[in-house]
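> pasting the sequence and the predicted coordinates here, then a few questions.
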There are 4 protein chains.
Amino acid sequence: MLAELKGLNEECGIFGVFGHPDAAQLTYYGLHSLQHRGQEGTGIVVSDGKTLKGVKGEGLVSEIFTAEAMTELTGSAAIGHVRYATAGGGGYENVQPLLFHSQSGSLALAHNGNLVNANSLKHQLETQGSIFQTSSDTEVLAHLIRRSGFPQMNDRVKNALSMLKGAYAYLIMTETELMVALDPHGLRPLSLGCIGDAYVVASETCAFDLVGAEYIRDIMPGELLIINEDGLTSEQFAMSTTKAICMMEYVYFSRPDSNIQGINVHTARKNLGKRLAVEAPIDADVVTGVPDSSISAAIGYAEAAGIPYEMGLIKNRYVGRTFIQPSQSLREQGVKMKLSPVRGVVEGKRVIMVDDSIVRGTTSRRIVKMLKDAGATEVHVVISSPPIKNPCFYGIDTSSKEELIASDKSVEEIRDLIGADSLTFLSVGGMVEALGQDSGYCLGCFTGNYPTEIYPDTLQYYYQRG
Amino acid sequence: MLAELKGLNEECGIFGVFGHPDAAQLTYYGLHSLQHRGQEGTGIVVSDGKTLKGVKGEGLVSEIFTAEAMTELTGSAAIGHVRYATAGGGGYENVQPLLFHSQSGSLALAHNGNLVNANSLKHQLETQGSIFQTSSDTEVLAHLIRRSGFPQMNDRVKNALSMLKGAYAYLIMTETELMVALDPHGLRPLSLGCIGDAYVVASETCAFDLVGAEYIRDIMPGELLIINEDGLTSEQFAMSTTKAICMMEYVYFSRPDSNIQGINVHTARKNLGKRLAVEAPIDADVVTGVPDSSISAAIGYAEAAGIPYEMGLIKNRYVGRTFIQPSQSLREQGVKMKLSPVRGVVEGKRVIMVDDSIVRGTTSRRIVKMLKDAGATEVHVVISSPPIKNPCFYGIDTSSKEELIASDKSVEEIRDLIGADSLTFLSVGGMVEALGQDSGYCLGCFTGNYPTEIYPDTLQYYYQRG
Amino acid sequence: MLAELKGLNEECGIFGVFGHPDAAQLTYYGLHSLQHRGQEGTGIVVSDGKTLKGVKGEGLVSEIFTAEAMTELTGSAAIGHVRYATAGGGGYENVQPLLFHSQSGSLALAHNGNLVNANSLKHQLETQGSIFQTSSDTEVLAHLIRRSGFPQMNDRVKNALSMLKGAYAYLIMTETELMVALDPHGLRPLSLGCIGDAYVVASETCAFDLVGAEYIRDIMPGELLIINEDGLTSEQFAMSTTKAICMMEYVYFSRPDSNIQGINVHTARKNLGKRLAVEAPIDADVVTGVPDSSISAAIGYAEAAGIPYEMGLIKNRYVGRTFIQPSQSLREQGVKMKLSPVRGVVEGKRVIMVDDSIVRGTTSRRIVKMLKDAGATEVHVVISSPPIKNPCFYGIDTSSKEELIASDKSVEEIRDLIGADSLTFLSVGGMVEALGQDSGYCLGCFTGNYPTEIYPDTLQYYYQRG
Amino acid sequence: MLAELKGLNEECGIFGVFGHPDAAQLTYYGLHSLQHRGQEGTGIVVSDGKTLKGVKGEGLVSEIFTAEAMTELTGSAAIGHVRYATAGGGGYENVQPLLFHSQSGSLALAHNGNLVNANSLKHQLETQGSIFQTSSDTEVLAHLIRRSGFPQMNDRVKNALSMLKGAYAYLIMTETELMVALDPHGLRPLSLGCIGDAYVVASETCAFDLVGAEYIRDIMPGELLIINEDGLTSEQFAMSTTKAICMMEYVYFSRPDSNIQGINVHTARKNLGKRLAVEAPIDADVVTGVPDSSISAAIGYAEAAGIPYEMGLIKNRYVGRTFIQPSQSLREQGVKMKLSPVRGVVEGKRVIMVDDSIVRGTTSRRIVKMLKDAGATEVHVVISSPPIKNPCFYGIDTSSKEELIASDKSVEEIRDLIGADSLTFLSVGGMVEALGQDSGYCLGCFTGNYPTEIYPDTLQYYYQRG
């Protein structure tokens, strides 16, 4: 069950180019800068105007694409994908872009997000004789496009998109066109840029900086962008749209050097930290952040509170997929991976430890213990977002309600569980205010108010394990 | 020539354990935490009391040691090594520990540092019929021990060590003993710790934190530590000793969570940054550091100057050895790897960019340009160490005098060359003062005063390219 | 075009087990013994009664299945496949068994043979909205089963099979059943055996010898065998059947230690050689065969002719997929791979060189030249089958009519082209007689009389290159 | 102990080129044709006149040398080596050619054979301070050359060679010369050939056929050939020489397409088989040989006896190093690797099974059982060489006396043990006569008369396990 649940919960990154002689290379570098959005698998499909050709595999961008493989990916349009590491799911088949050949032409798909009616649609399609070769919900779109009665490709795509519910940023490539679609709430980030005459699209603007592209604008909710030899056309495929970008993109998921809706993520995080210093003033000696994602908030907190920011925790790099995990007995003897405390910084100090969120609480408990073992006299945990009380149905793996510690525990209970001297969450209002815009966010995981209907067959995955 | 020069200039990390059933596993994790000291190659040799067995290879710790390989490394004593990536040198043979078998017993060697009389000694030994199978200077010690006339192993080792000049932290393992030696100036860091009854040694204390070991003390200059079943004995093999730890270990090389001579490296760097703010007050909007090594100094500068610290530059992770470098034409179009500017942070701002050192100046020029291209109105470069005017002969690859930009250029000339609006180096006095101890440092690369004699055959490598 | 043509022409091997705790291991060894039938790719799907799980990849059996992968393939039923190396086709997707998951159950397919109406069926199915993810014709069956209206699985399979035309030996596995189907002419070999209570099926009986299975009988034309917990049931799905086993299985394709229809392949080949000695008596010093497939025929010829059999040609082994081919210039200097002449055997001798068939004539020309360069005074080529004048539509890659040298050239013209002193083909009558059974063979490639209708869309692939 | 014993017993193949622009490529193909002489490891060292550069590794020629590696091996002289798979020994260090660098020049060594005084020499050299980095006896020569007092290289080499006892074919390469040496009894085969102006040397002439080289002559016992820019010079380094080529090269080890001392190996084997038919006439239905090495002898026997030769046993190919061996339980159920019986050929027949030799008897017992299980009514084993009663000290792994079944068992006892209906060995006299030359063979393993003195430290390895 877990595997299937995880299968529904992937977070990913996508990148596309149209009209550049080095399309595959640019996609390679673009995907590399989006690697934090998914390390399980990656693929690139390229079009030379006549055929679609792809390379994909399970692993990192730097592992899957060899120099030899890249020389074969010739063409001026390309789309690529990085995929989130799910526990039990996965498999080569599910690595995207998905590539479909038929006697009437080929189609490649890359998807970031999660559909909430995938199972209903799959069920309908299978009843009609469709065979699904992947367990991802992405493939549903291909079957819908294929079965749509419209003669024109763009009409078939719009028709198919209109049946999808949930979160999706889609790149759809045929031999001659690159289509870009964002769900009617714009739940996932997706931006448009250019390099000279060529267009690029990416989940995050950090990819533009890396490949030297100029940012144009964000894709709009419910927009279908069609890029081909004649240039760029924009159409709306949804009746009504309301912006509701995932708040966790700011809080945790995106890279600090990306801008979402014109707001720099590092700055946003720093502001969350500053706001936290106002909401939760604490008398302490040092402020430290949990690397990497909470460093910005910690710096913001330190700056606003006037307490020195120190590097009290350090992350171990170079850990690849072949890394041997310590045995239970070694872990009990104190061998730790990933995160180490910096004794020289925390010993004998009252420490404010800033983190971006608490999901199950196990990581927080481990870090608090680590800091205390290294000599911290007090550890005050401040979280730069509100308690996550509800699951996400839109592609972030915040797991089932049962596994969310805040779903049924009070702040004091959580504090006790993680062993902190105090625990403070940012308020929902404070968070929204700190970002400087009143609305336009999906706050579902904090508030339980979701921008879309949630289908019974989706809910069932989340609750049946209770 | 370059390759040989590089061969002399390796910086590395070493780790050893005696008396623990999981000796090889602990060494694996220890080496992993020392990975920043060398990414070219790595090896572990383990002793089960009767034989020495090893695994080594060119690559990262996580690449070379497979789970299968580790299961074969059984025994309660182990030494390991990570090796610095030299340009043209390298090769499997040179990966350490070196392992020598003879009819009278085996010997494994791991070395961090650089001998200044290696070539003289090699020449003498070859004249006497020795055959060298590696191009590293480490092997010299094995031949000296072999040819020493003393009947007892520890006397032979002391006798051999007394002939070496230069920088060395050596781990020497036989079937039944682990010997640990540090040169008479203690140029390289080396610390002793324990896990229960077992002893551990490591180039940096961060390795102790990772494996759950307790720090005991630093190895003393000219000390030979002998660890065997009977416990630990310490002897001095050098007539006179003077502490002269490499200053660059604090400035750049070591991990911020390590302590050297009781000083935490992150704190030391922060103090260097604070001192810099005093020596070079600048009117600016944001302070940023070049990741990763200059972040601490930048935070210190920001704190002391009262200017906000921001993440103006970001490092791309996940870049392994198979990463495809962008072609010249793509680089010209703006594709960049490793470091990206964060436009949202620097655009329209006067930026203070803190870096730890300038070697050739090419990296600094590139970063300054990157920040200006991203919209910084001014870029002030402040360096948390003095100008490097002289080569290092003790194992840090600061190259020949000709390649050190500060060896023949004034600060103003360098500023002009890197395109900064201003450039400030920390003073030598300020640096020493900031660390809080008046003496005990090797400042050779800044001042040209070296703690040891430099041999003609070493100098020739450094100067003949002029 | 070539790739697609090749795609239609695959020859393969299949192996299945039902009811044995080591099902996957047995399949591994079974596939290994069928490796000569296909070296491009291989896969195994296993059922533990509840789910189907598979491993597949491009490469040899010994390359794709690691010890680690095998430990995960637990279950008591398994099917496997080895795939023929096509020039341009291929790709991970096309490696079999194909595995299809749906909400109502899973299905795995392994296919040896070639359908002649695959394109018509594909076209119909795509028009109805099916999406094909492979370019192989095997997938057609999955869609036909899926769309069949019958409620019972075995009826759906029979219904689907009845729509296929051409050559096929199919293994079809669900969570609880193994189904085995052979086309109404029995064009491909397929045998049933047992190991204790477990059933095994294999393309060739040599697989039974290797895994220690007992041979029961050959699968009959038009038979559908259903093996499940209740045992084995046999049904006929075809109205009328006529045995027409591919003659090239005897002549060239199968392993000499296999029996087809009760006739040992080595013995069959030896009899072809003996018959040839009668039809083409030649005055010569030595008889030699082209390894490996023509050795048996050569021994038969030598025995019947009373001329010594000698090892005049030798094959180089150990050539894997990473083998570096000699450059053109080295080939011109005489560097040869695969086959070498044995100078000590042929020098100064009149040589009878026995080969099993001539397709394009280029290989024969090369070998004749090789023998003459090594000193043979005369080279008489005798072929243990008649001239191949027509393409095969049933899965052996005998290529298009245009590439068959015998399709438009006389024996004398071919002899001249390959540079032989004489050339003799076995007569069609002689061949059939030598095998000892009057009928029951497909002789299409020799005579142009095919046992099935050939569809226009298949023909077009073969002739449009003219 | 076993490992060390094996270490002394390696059989290998060597190949060298001087004066050809594609030296490394030719060596690659040459080594490929010698692959049967050693599959454990392989290496090539090339000289471009100034430096020696090498690639080596554990595995097959096709695995170790990648296209990329080959492009770096530029130069017009090269030597290469394939190494026999020893059970416990091995390791990268022992893979040859060994390459030694010193300040006065480099030296590469490739060795086929085994020294009988290696341990004495090693002991002496270690006492004098030499450090050995390999456990092979090959390295001894490098140290002897290094320590020789003569000023000229060729004198040092001759001086060093004169101290060696045992079997050796050595290729010795410096920056500018290729030296070729054969021990005073010529125990191992070594031939000289040419490609235009370039010289080639190889363990077997089959390598010449593959690379298109012309055979010139065999290297003479005690000869040192020096090839450099000025051409070829030949010197004798041994006082007295007596030809004693290893008989097992004819019987088992060499490839049938090689000529040794002008005799073709296939023809030699066939003659051994014919002689056997005279010495041991048996009333039977079929003759079969154990592939691959006994096929020639079996054909000879069949021809002389007038009994049909049949393919009663077949070898499974494609088994690489990653092949998964069947578990004990599967082996007991009848899963067999490598060799299968051909039921269709042996069922109900009286079979004469020709094999080249019996070492421990276990393989013979297994094959006899296999044939009987497949239905053979009688199995008569005939061996095309005499009983091996004594160990080989010259490089063929015939193991210790204790493991040789014929060392203390009579023919009848062996027959009983292997379960054959009759067992016949060829007589020593018959064997020598069949080869057509009265003397010039080493028959040590059959007769116990060795051409060289055997040193106590060598004997001790062979006998101490008793």
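Received, thanks.

> so what's A:Asn114 closest to, chain neighbours aside?
Distances taken as CB to CB, 6 or more residues apart in numbering or on different chains place A:Gly395 nearest to A:Asn114, at 3.8 Å, with adjacent residues excluded. (C-beta placed from N, C-alpha, C; glycine too.)

> how many neighbours does that neighbour have?
26 (other CB atoms under 10 Å in any protein chain shown).

> which single residue of the stretch 101-250 of chain A ends up nearest chain B?
Chain B sits closest to A:Gly212 of the stretch 101-250 of chain A, with a gap of 1.9 Å, by CB to the nearest CB.

> surely that residue is in contact with B:Ser340?
No. At 10.3 Å, A:Gly212 does not count as touching B:Ser340 under the criterion of CB atoms under 8 Å.

> find the nearest non-adjacent residue to the residue of the stretch 101-250 of chain A closest to chain B, please.
Counting by CB to CB, 6+ apart, the residue nearest A:Gly212 is B:Gly334, at 1.9 Å.

> which SS class is the one you found?
Of the three states, B:Gly334 takes coil according to DSSP: H, G, I helix; E, B strand; the rest coil.

> any idea how far it lies from D:Lys122?
62 Å (CB to CB, to the nearest Å).

> if you count surrounding residues, which of these two has more?
The residue with more neighbours, out of B:Gly334 and D:Lys122 and counting by other CB under 10 Å, is D:Lys122; that gives 21 against 17.

> can you name the element that comes right after the strand ranked longest in chain A?
Under DSSP state E, the strand in chain A containing the largest number of residues is strand A:105-115. Next along the chain after strand A:105-115, taking DSSP states H and E as the criterion, comes helix A:118-127.

> burial count for A:Met153?
With other CB under 10 Å as criterion, A:Met153 counts 18.

> quick one: buried residues of the biggest helix by length in chain A?
Determined from DSSP state H, the single longest helix within chain A is helix A:265-279. Buried residues in helix A:265-279, counted by 16 or more other CB atoms under 10 Å in any protein chain shown: A:265-277, A:279.

> on the C-terminal side of it, identify the next helix or strand.
According to DSSP H and E, the helix or strand after helix A:265-279 is strand A:286-289.

> list the helices and strands that following strand packs on?
Secondary-structure packing of strand A:286-289 (3 or more CB pairs under 8 Å, 6 or more residues apart in numbering or on different chains; DSSP states H and E): helix A:295-305, helix A:343-346, strand A:350-355.

> by mean pLDDT, which helix or strand of chain A comes out lowest?
Lowest on mean pLDDT, DSSP states H and E among the helices and strands of chain A sits helix A:2-8, with a mean of 30.

> follow-up on the earlier one: could you export the buried residues of helix A:265-279 as TSV, including distance to B:Ala160 and pLDDT?
Shown next, in TSV, are those (distance: CB to CB, whole Å; pLDDT from 0 to 100):
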residue	distance to B:Ala160	pLDDT
A:Val265	57	93
A:His266	54	91
A:Thr267	59	91
A:Ala268	60	95
A:Arg269	56	96
A:Lys270	56	94
A:Asn271	61	96
A:Leu272	60	97
A:Gly273	56	97
A:Lys274	60	97
A:Arg275	63	97
A:Leu276	59	97
A:Ala277	59	97
A:Glu279	65	96
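
> turn those residues into JSON lines, including distance to chain B.
Formatted as JSON lines, the buried residues of helix A:265-279 follow (distance: CB to the nearest CB, whole Å):
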{"residue": "A:Val265", "distance to chain B": "8"}
{"residue": "A:His266", "distance to chain B": "5"}
{"residue": "A:Thr267", "distance to chain B": "6"}
{"residue": "A:Ala268", "distance to chain B": "9"}
{"residue": "A:Arg269", "distance to chain B": "9"}
{"residue": "A:Lys270", "distance to chain B": "8"}
{"residue": "A:Asn271", "distance to chain B": "12"}
{"residue": "A:Leu272", "distance to chain B": "14"}
{"residue": "A:Gly273", "distance to chain B": "12"}
{"residue": "A:Lys274", "distance to chain B": "10"}
{"residue": "A:Arg275", "distance to chain B": "15"}
{"residue": "A:Leu276", "distance to chain B": "16"}
{"residue": "A:Ala277", "distance to chain B": "14"}
{"residue": "A:Glu279", "distance to chain B": "20"}
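
> so which other helices or strands are in contact with the longest helix of chain A?
Helix A:265-279 packs on helix A:295-305, helix A:428-435, helix B:343-346, going by 3+ CB pairs under 8 Å, 6+ apart.

> got a markdown table for those, with mean neighbour count, distance to chain D and mean pLDDT too?
Output for the helices and strands packed on helix A:265-279, formatted as a markdown table (neighbours: other CB atoms under 10 Å in any protein chain shown; distance: least, CB to the nearest CB, whole Å; pLDDT from 0 to 100):
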| stretch | mean neighbour count | distance to chain D | mean pLDDT |
| --- | --- | --- | --- |
| helix A:295-305 | 26 | 41 | 94 |
| helix A:428-435 | 18 | 51 | 96 |
| helix B:343-346 | 26 | 39 | 86 |
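
> could you list the low-pLDDT ranges of the stretch 51-200 of chain A?
Across the stretch 51-200 of chain A, the ranges flagged by pLDDT under 70 are A:85-90.

> and the residue located most distally from the centre of chain A, how close does it get to chain C?
Most distant residue from the mean C-alpha position of chain A: A:Gly348, 37.8 Å away (CA atoms, centre = their mean). Applying CB to the nearest CB, to the nearest Å, the value for A:Gly348 to chain C is 48 Å.

> for the residue nearest to that residue when sequence neighbours are not counted, give me its contacts.
For A:Gly348, ignoring the flanking residues on the chain, the nearest one in space by CB to CB, 6+ apart is A:Gly375 at 5.7 Å. When contacts are counted by CB atoms under 8 Å, 6 or more residues apart in numbering or on different chains, A:Gly375 is found next to A:Arg343, A:Val346, A:Glu347, A:Gly348, A:Lys349.

> any idea how far A:Ile352 is from the first one?
This points to A:Arg343. Per CB to CB, A:Arg343 is found 17 Å from A:Ile352.

> repeat that for the second one.
Note on A:Val346: its distance to A:Ile352, by CB to CB, is 11 Å.

> shared neighbours, these two?
Common neighbours of A:Val346 and A:Ile352 (CB under 8 Å, 6+ apart) are A:Val286, A:Thr288.

> share the number of residues neighbouring A:Asp285, please.
Using other CB under 10 Å: A:Asp285 sits among 17 other residues.

> now do the same end-to-end measure for stretch A:284-294.
18 Å (CA to CA, to the nearest Å).

> next one: stretch A:257-275 to chain centre, how far?
In terms of CA atoms, centre = their mean, to the nearest Å, the centre of stretch A:257-275 is found 16 Å from the chain centre.

> over to stretch A:297-309?
That offset, for stretch A:297-309, works out to 27 Å (CA atoms, centre = their mean).

> export that stretch to PDB, keeping only CA atoms.
Taking C-alpha atoms only, stretch A:297-309 is exported to PDB below (Å, rounded to 0.1, in the frame of the first residue of the first chain):
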ATOM      1  CA  ALA A 297      15.000  31.500   8.000                       C
ATOM      2  CA  ALA A 298      17.700  31.100  10.700                       C
ATOM      3  CA  ILE A 299      19.600  34.100   9.300                       C
ATOM      4  CA  GLY A 300      16.400  36.100   9.300                       C
ATOM      5  CA  TYR A 301      15.600  35.200  12.800                       C
ATOM      6  CA  ALA A 302      19.100  36.000  14.000                       C
ATOM      7  CA  GLU A 303      19.100  39.300  12.300                       C
ATOM      8  CA  ALA A 304      15.700  40.300  13.700                       C
ATOM      9  CA  ALA A 305      16.500  39.000  17.200                       C
ATOM     10  CA  GLY A 306      20.000  40.400  17.300                       C
ATOM     11  CA  ILE A 307      21.400  37.000  18.400                       C
ATOM     12  CA  PRO A 308      24.500  35.700  16.500                       C
ATOM     13  CA  TYR A 309      23.800  33.200  13.800                       C
END
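
> that'll do, ta.
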